[in-house]
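Asks: When you get a sec, could you give me coordinates for this:
(chains A and B)
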Amino acid sequence: MALTALVKDDNGSTDGMRSYSQTNSALKDSEIIQSVGTKSFSTNAQNNAQFEPTNVTEVRSFKNLSELKTLTSLLAMHLSRETRSIIFSEIDYLLDPNDFDISEDSLISPESFQSYLRFLTYYPSVCPGNLGVAFSGDLFAVWLEEDGDNEKLLNIEFLPEDHVKCSFSNKKETKLEEAFSYVGPMKRLEKTLAPYSLMDFRPYVI
Amino acid sequence: MSTQKYNRPPIVQAVFEVRFDGDSNKRIMERIVKKLSSRYPNTEQEHTWNFQIDGEKAPEVTQSPVAAGYKLSSSEKTDVVLIKPNSFAVVRHAPYEGWDVFKEEFENVWSVVKKICGFRPVTRLALRYINRLDIPLPSTKHEVPGILEESDYINIAVVVPKDIVPAFNRYNIEFASTTSREFKYTVRTGPAPAPLVDHFSIVLDLDVYKDIDLPQDESAVFSVVEELREEKNYLFENFVTDRAKKLFEREI
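Replies: Numbers count the residues shown, from 1 in each chain, chains lettered A, B, ... in the order given. Reported below is the predicted structural model:
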């Protein structure tokens, strides 16, 4: 019996996705050609300068970047053009295959990134923040609220399944007035941070 | 350029697909890939592997992998082109930026394919739109009162005896029919994982196509595509409720 590894579309569906029974997984977006042996890929990178991932590290960072962009497209209709552009610019920077150094940089956990996207849609008035990657691969964002000599710094690390690890500090004239941390569901963040408004925080350039 | 009807179009994927009579060989597919590479810089190649399974022996590859097609994608991963020996498909992932933008995209790809392959009889034209309705759950911060009833949002329902099945949380519906203009269509719907917090999602997948009596003249082909779109829109507007449409109209 000869078997072919290429999954055929038996129900005559228009290409792009297979039957609906597979649509749910496709919507998670491993999609379209994942069922076949992907043997090679290349990219010309964004500026169309020829870029060919030549080693394992470059391939991994490139694949990670692709996966995160695909995840973003799943809820892109709920993000403004500006927010989406900021997110892409941040992850392009963090995972630039030309600069990625496996000894210093971490790939971004897709589960953490999903929590971040869900955070942005749950708190749609919050700006995306400046992004970084923890050694664990979890994404974190940093925001700052400044008022004269007063400074409030907020750091949120996005854990899988809509959980966050948050630290907050409030300085007045360089003196630490208060600080606290929180680990738990992102939905409780608004109450945890009361009376500070999440919306007042702006991205903090690290 | 026409404006979009909805601020949050629920389209997760829009697919335009053309199937041809006869296969392209690998060299022709590679030429198409090369020609499209500036717009779609990321290329993945797919292969078909043939295995022989014989009793208790380990599966054995019986021939070298065969080039089955290419997947090209834009740098943002939102635009994808699938090149196969007897078809090509243009896929737009969310955010959908309107028919005019999508149409321009597939017309450009069509033009490249036509120049490289020459005339090939068209055997099937299709538009497939996979929509996902993201519905806020009641009693959350979205303050939607009452109980979530799917029939408030979509006009396709599972009918079961309530005394035997008072509630269920998973179903799939698929049906096929023909429009008044004799276009065939398949509809698939069912719950899907919700990408938003405190939401419930339903997929509405509309696949409208024509595979008989197709014109071969290019302008007539594009007229058929416009008709497919009209039929797809008519179906969509009738399968979702006004309450669902309000969700798509909300500003971001």
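
Asks: Okay, buried residues for the helix or strand that contains A:Ile156 please.
Replies: Element membership of A:Ile156, judged by DSSP states H and E, is strand A:150-159. Neighbour-count burial for strand A:150-159, counted by 16 or more other CB atoms under 10 Å in any protein chain shown, picks out A:151-159. C-beta coordinates here come from the backbone N, C-alpha and C atoms, glycine included.

Asks: Strands of the stretch 1-150 of chain B, start to end?
Replies: Using DSSP state E, counting those that start in this stretch, the strands of the stretch 1-150 of chain B run over residues B:11-20, B:42-52, B:60-73, B:79-84, B:87-93, B:122-136.

Asks: what about the shortest one and chain A, touching?
Replies: Translated: strand B:79-84. Yes. Counting by CB under 8 Å from any CB of the partner chain, chain A is contacted by strand B:79-84 at B:80, B:82, B:84.

Asks: Tell me the most packed of those, by neighbour count.
Replies: Ranked by the number of neighbours (other CB atoms under 10 Å in any protein chain shown), the residues of strand B:79-84 next to chain A place B:Val80 first, at 24 neighbours.

Asks: thought that one was touching B:Ser73?
Replies: Yes. Assessed by CB atoms under 8 Å, B:Val80 is found in contact with B:Ser73 at 4.8 Å.

Asks: Need the overlap of contacts for the two.
Replies: Contact criterion CB atoms under 8 Å, 6 or more residues apart in numbering or on different chains; residues shared by B:Val80 and B:Ser73: B:Tyr40.

Asks: Scan the chain for its longest helix.
Replies: Chain wasn't specified; assuming chain A. Counting by DSSP state H, the longest helix found in chain A is helix A:56-74.

Asks: That was the other one, I meant chain B.
Replies: Chain B, longest helix under DSSP H: helix B:218-239.

Asks: Put the alpha carbons of that one into PDB.
Replies: Provided in PDB are the C-alpha atoms of helix B:218-239 (Å, rounded to 0.1, in the frame of the first residue of the first chain):
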ATOM      1  CA  GLU B 218     -10.000  37.100 -18.800                       C
ATOM      2  CA  SER B 219     -12.400  39.900 -18.400                       C
ATOM      3  CA  ALA B 220     -15.300  37.400 -18.300                       C
ATOM      4  CA  VAL B 221     -13.400  35.400 -15.700                       C
ATOM      5  CA  PHE B 222     -13.100  38.500 -13.500                       C
ATOM      6  CA  SER B 223     -16.800  39.200 -13.900                       C
ATOM      7  CA  VAL B 224     -17.500  35.700 -12.500                       C
ATOM      8  CA  VAL B 225     -15.200  36.500  -9.600                       C
ATOM      9  CA  GLU B 226     -17.200  39.700  -8.900                       C
ATOM     10  CA  GLU B 227     -20.400  37.600  -9.000                       C
ATOM     11  CA  LEU B 228     -18.900  35.100  -6.600                       C
ATOM     12  CA  ARG B 229     -18.200  37.900  -4.300                       C
ATOM     13  CA  GLU B 230     -21.700  39.200  -4.500                       C
ATOM     14  CA  GLU B 231     -23.100  35.800  -3.700                       C
ATOM     15  CA  LYS B 232     -20.600  35.400  -0.800                       C
ATOM     16  CA  ASN B 233     -21.700  38.700   0.600                       C
ATOM     17  CA  TYR B 234     -25.400  37.900   0.200                       C
ATOM     18  CA  LEU B 235     -24.900  34.600   2.100                       C
ATOM     19  CA  PHE B 236     -22.800  36.300   4.800                       C
ATOM     20  CA  GLU B 237     -25.300  39.100   5.400                       C
ATOM     21  CA  ASN B 238     -28.100  36.500   5.700                       C
ATOM     22  CA  PHE B 239     -26.300  34.100   7.900                       C
END
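
Asks: which residues touch the next helix or strand after that helix?
Replies: Downstream of helix B:218-239, the next assigned helix or strand under DSSP H and E is helix B:242-249. The contact list for helix B:242-249, computed with CB under 8 Å, 6+ apart, reads B:6-10, B:133-136, B:152-154.

Asks: Is it possible to mark the buried ones in these?
Replies: The neighbour-count criterion (16+ other CB under 10 Å) marks B:6, B:8-10, B:133-136, B:153-154 among those as buried.

Asks: nearest to chain A, of those?
Replies: B:Arg8 (4.7 Å; CB to the nearest CB).

Asks: what about the residue most central in space within chain A, is that helix, strand or coil?
Replies: The residue lying closest to the centre of chain A (CA atoms, centre = their mean) is A:Phe113, at 3.3 Å. Recorded secondary structure, A:Phe113: helix (DSSP: H, G, I helix; E, B strand; the rest coil).

Asks: Return the distance of it relative to chain B.
Replies: Using CB to the nearest CB, to the nearest Å, we find A:Phe113 at a distance of 12 Å from chain B.
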